[in-house]
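> Dropping the sequence and predicted coords here.
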Amino acid sequence: MEDAVCRKLIMEARKAQRHAYAPYSKFTVGAAVLAEDGAIYTGCNVENASYGLSMCAERNAIFQAAACGCRSLRAIAIAGDSDGYTAPCGACRQVMAEFHTGEVIMVKPDDTYVVVPLKELLPYTFEL
Ligand code: THU
């Protein structure tokens, strides 16, 4: 993934992060997905007083893309404020696999990033 595209996705993920609803963990996350047709979809984490109902930023972004008809995704950028790169949880990796996500862009607080193929983050994917 070219640097300019990564930077654009990171900027969109940061914008989405501002809308995060995280009163319990105080850990805000934003995600931006690049669909096959070039469209960008974003999401943030949305928590709930019943903690298990909370939803990650990545899945909110991917489901937004899916709800608009996308079935194949080129990349997803994930931006949080953890010390190192914000990496996706296992559940989100499986959802990324469902929609054939190619590359995962993990971002540090200073917006430096790494690009890792999803196949490296989730080998031996479960599929039907
Ligand atoms: N979270 C995400 O949205 N994405 C990640 O990659 C890691 C965790 C959210 C879930 C919860 O709202 C908060 O961060 C703390 O786990």
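In hand now; what should we look at?

> which residues sit against stretch 121-128?
Ala87, Pro88, Gly90, Arg93, Gln94, Met96, Ala97, Val104, Lys119 (C-beta atoms under 8 Å, 6 or more residues apart in numbering). Bear in mind the C-beta positions are built from the backbone N, C-alpha and C, glycine included.

> Buried by neighbour count: which residues of that stretch qualify?
Neighbour-count burial for stretch 121-128 flags Leu121, Leu122 (criterion: 16 or more other C-beta atoms under 10 Å).

> what about the longest helix in this protein?
Looking across the chain with DSSP state H, the single longest helix is helix 3-17.

> Following element in sequence after that helix, please.
Next in sequence after helix 3-17, counting helices and strands by DSSP states H and E, comes strand 30-35.

> What parts of this structure come near the ligand?
22, 25, 27, 29, 45, 47, 54, 56-58, 78, 86, 88-89 (C-beta under 6 Å from any ligand atom).

> Could you rerun that using 8 Å?
20, 22, 24-25, 27-29, 31, 44-47, 54-60, 78, 80, 86-89, 92 (C-beta under 8 Å from any ligand atom).

> of the contacts of stretch 121-128, closest to Met11?
Distance to Met11, by C-beta to C-beta, is smallest for Val104 among the contacts of stretch 121-128, at 17.0 Å.

> So what touches the one helix or strand that closest one maps to?
Using DSSP H and E, the element containing Val104 is strand 103-107. Defining contact as C-beta under 8 Å, 6+ apart, one finds that strand 103-107 is touched by 1, 6, 9-10, 13, 74-80, 85-88, 96, 113-118, 121.

> Can you flag the buried ones in these?
Neighbour counting with 16+ other C-beta under 10 Å marks 1, 6, 9-10, 13, 74-80, 85-86, 88, 96, 113, 115, 118, 121 as buried within the contacts of strand 103-107.
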